[in-house]
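Student: coords please:
(one chain, ligands or ions: 1)
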Amino acid sequence: MILDSHVALVTGGASGIGAAIAKKFSSEGANVCLCDIDSEIGKKTCQNIGERAQFYHIDISDEDAVRATIEKIVQDYSKIDVLVNNAGIASDKLLLRMTKDDWGRVITTNLTGTFLVTREVIKHMVKQRYGRIVNIASVIGLIGNAGQANYAASKAGIIGFTKSCAKELAARNITVNAIAPGFIETRMTAVLPDQVKQSYLKLIPMKRFGNPDDVAALALFLSSDQSSYITGQTICLDGGMVM
Ligand code: NAI
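Tutor: The predicted structure is shown next:
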């Protein structure tokens, strides 16, 4: 069991990539704190995973809620070894039509939310002089995409944030890395028209979309002691789409 007796916090763990990461971590022995804004789906996902998963309601963009939830988790488990900042949203629109609200919602959830959760969690990781942080970015944060200026900016921000955190926390034995998935089949991508999906497929040398388990496998490696000398990196997981 790679994560035996570890405590792992996964944001956005109710569905898609986060749920697959939570399940994988639990199967490797971790106690998983599954944090999500969607209590209904989150609780169901925890039931499916089993007794090592516990649901915590959180809106990662709400500073007070983040503080209270992290405090509760530390009260319940007395430590947090692994943090996966996975919760995220998209709100696609061409730039000329993008309102300040469209921009702000995505930046506040994806980027500010990642900052708020990380800041609270590292208070505890620094004291215990151990931690693994995995941020879910996106290839769009590296290459950009028409209609996704807000999303691309938030994910590029996460990549810069990852490097800064890695430098700041390395001496405390805390590694911070990012995963940049390409096209992964979840409800976020299910809404895209077939034509758009086919155009993505043409850009993927491996000629298939990724699935959440592909991301979970890399998240497990970056959360384990097997990756103890890797920090500040952004690893693309995209079937060769960006190279
Ligand atoms: P999803 O929509 O299935 O999962 C996102 C989860 O985040 C949901 O459970 C949702 O309730 C939760 N969430 C949203 N706002 C929240 C908030 N304010 N506080 C707490 N939880 C919140 O989507 P998916 O695809 O699993 O996305 C997971 C992450 O992977 C996101 O950060 C996304 O940007 C990223 N990603 C996804 C890709 C894909 O192709 N599906 C590609 C690259 C990155």
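
Student: Return the set of residues that bridge with V84.
Tutor: Beta-bridge pairing for V84 (DSSP bridges): V10, V134.

Student: who touches it in this structure?
Tutor: For V84, the contact set (Cβ atoms under 8 Å, 6 or more residues apart in numbering) comprises A8, L9, V10, T11, G18, I21, I133, V134, N135, I136, A219, S223. To be clear about C-beta, it is placed using only N, CA and C from the backbone, and glycine gets the same treatment.

Student: check the residues you listed against the ligand, which are close?
Tutor: Contacts with the ligand are made by T11, G18, I136 out of these, judged by Cβ under 6 Å from any ligand atom.

Student: Please identify which of those is nearest to C46.
Tutor: G18 (11.8 Å; Cβ to Cβ).

Student: ok, the closest one touching A87?
Tutor: Yes - with contact defined as Cβ atoms under 8 Å, G18 reaches A87; the gap is 6.9 Å.

Student: Which residues are in contact with each of the two?
Tutor: In contact with both G18 and A87: T11, G12, D36, using Cβ under 8 Å, 6+ apart.

Student: Just to check, the second one is in contact with G18?
Tutor: This points to G12. Yes - with contact defined as Cβ under 8 Å, G12 and G18 form a contacting pair (4.0 Å).

Student: any residues in contact with both of these two?
Tutor: With Cβ under 8 Å, 6+ apart as the test, G12 and G18 both reach D36, N86, A87.

Student: Need phi/psi at K197.
Tutor: phi -60, psi -40 (degrees, to the nearest 10).

Student: wait, K72
Tutor: Dihedral angles for K72 - degrees, to the nearest 10 - are phi -60, psi -40.

Student: Pull the contacting residues for the spatially closest residue to it that is not a sequence neighbour.
Tutor: The shortest distance from K72 to any non-neighbouring residue, by Cβ to Cβ, 6 or more residues apart in numbering, is to Y56 (6.7 Å). Y56 is in contact with C33, L34, C35, T69, K72, I73, counting by Cβ under 8 Å, 6+ apart.

Student: re earlier: of the ones next to the ligand among the contacts of V84 - the most surrounded one?
Tutor: G18 (29 neighbours; other Cβ atoms under 10 Å).

Student: Can you name the next helix or strand after the host helix or strand of that residue?
Tutor: Element membership for G18 (DSSP states H and E) is helix 16-27. Later in the chain than helix 16-27, the nearest helix or strand by DSSP H and E is strand 31-36.

Student: Distance from that following strand to the middle of the chain?
Tutor: Distance of strand 31-36 from its chain centroid, counting by Cα atoms, centre = their mean, to the nearest Å, is 12 Å.

Student: Distance check, the residue most central in space within the chain against G13.
Tutor: Taking Cα atoms, centre = their mean, the centroid of the chain lies closest to N86, which sits 1.8 Å from it. To G13, N86 is 7 Å away according to Cβ to Cβ, to the nearest Å.
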